[in-house]
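A.B. asks: Any chance you can model this:
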Amino acid sequence: MAMWMPKRKLVACVLSCAAIVGSISSIFLPPLITRFREQRRREETARYVHRMRAEEERKEQEYDARYAGARSDRGFGIALSFDDKDGIRGWHRFFTQDEVQQLRAKVTFFVNNPDRLTPKVIDQLKELQALGHEIGCHGFRHVDALRYVQEYGIEAYIAREVKPAIEVMAKEGFHANTFAYGGGVQEHFY
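C.D. replies: Next comes the predicted model:
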């Protein structure tokens, strides 16, 4: 029907339709644009969160592969560590309780004088390790690292304190991923 209409009437119809659409769009378009922008913002945020989660998952898998013996839970947490062999019985008594295990807290226990551990204490450490805790190295004789290094040098310290301790621990089935030097007093805490 529009085919046979004279051009002026068709143009007038188009112009009046455009005027109606223009007035309608000035009423409905801003909320639609706002809603569209909010939806796009939500989608972009969701994509960003998805990318960040995937990146965190990748990093965690990479970490787990790198430190195969140590288990890690997802998410944030607090790193706890205890040192010196004299506390092992207390560590074992506390961290093998069902209530404590339900917290899924993982701790690093730094052991010194590993050649002087009794078979019972070694079994207790192995049980803690089986629960997912790390058994770290704290030196062969627990000498004051800073003083020893100043007097004899770092190579002598490694030869006397680090290597022998790690070797003894490995023979007992503990493969320490971390080392805490003896006498680790710090002046500044960050």
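
A.B. asks: Now do the same for the nearest residue to Val162 once chain neighbours are set aside: its pLDDT.
C.D. replies: Sequence neighbours aside, Phe179 is the residue nearest to Val162 in space, at 6.3 Å (criterion: Cβ to Cβ, 6 or more residues apart in numbering). Any C-beta I mention is one placed from the backbone N, CA and C, and that applies to glycine too. On pLDDT, Phe179 comes in at 87.

A.B. asks: Also Ala12?
C.D. replies: Taking Ala12 on its own, its pLDDT is 42.

A.B. asks: Kindly report the same for the one 5 residues further on.
C.D. replies: Reading off the confidence values, Cys17 has pLDDT 44.

A.B. asks: what does Arg40 give?
C.D. replies: Model confidence at Arg40, expressed as pLDDT, equals 87.

A.B. asks: and it, how far is that from Lys163?
C.D. replies: With the distance defined as Cβ to Cβ, to the nearest Å, Arg40 ends up 59 Å from Lys163.

A.B. asks: And the helices in the chain?
C.D. replies: 7-66, 88-95, 98-102, 119-130, 145-152, 154-157, 163-171 (DSSP state H).

A.B. asks: Can you report how many residues neighbour the residue nearest to Val162?
C.D. replies: 15 (other Cβ atoms under 10 Å).

A.B. asks: Name all residues that make contact with it.
C.D. replies: With contact set as Cβ atoms under 8 Å, 6 or more residues apart in numbering, Phe179 has these partners: 110, 136-139, 162, 166.

A.B. asks: got a winner among these for most neighbours?
C.D. replies: Gly139 (29 neighbours).
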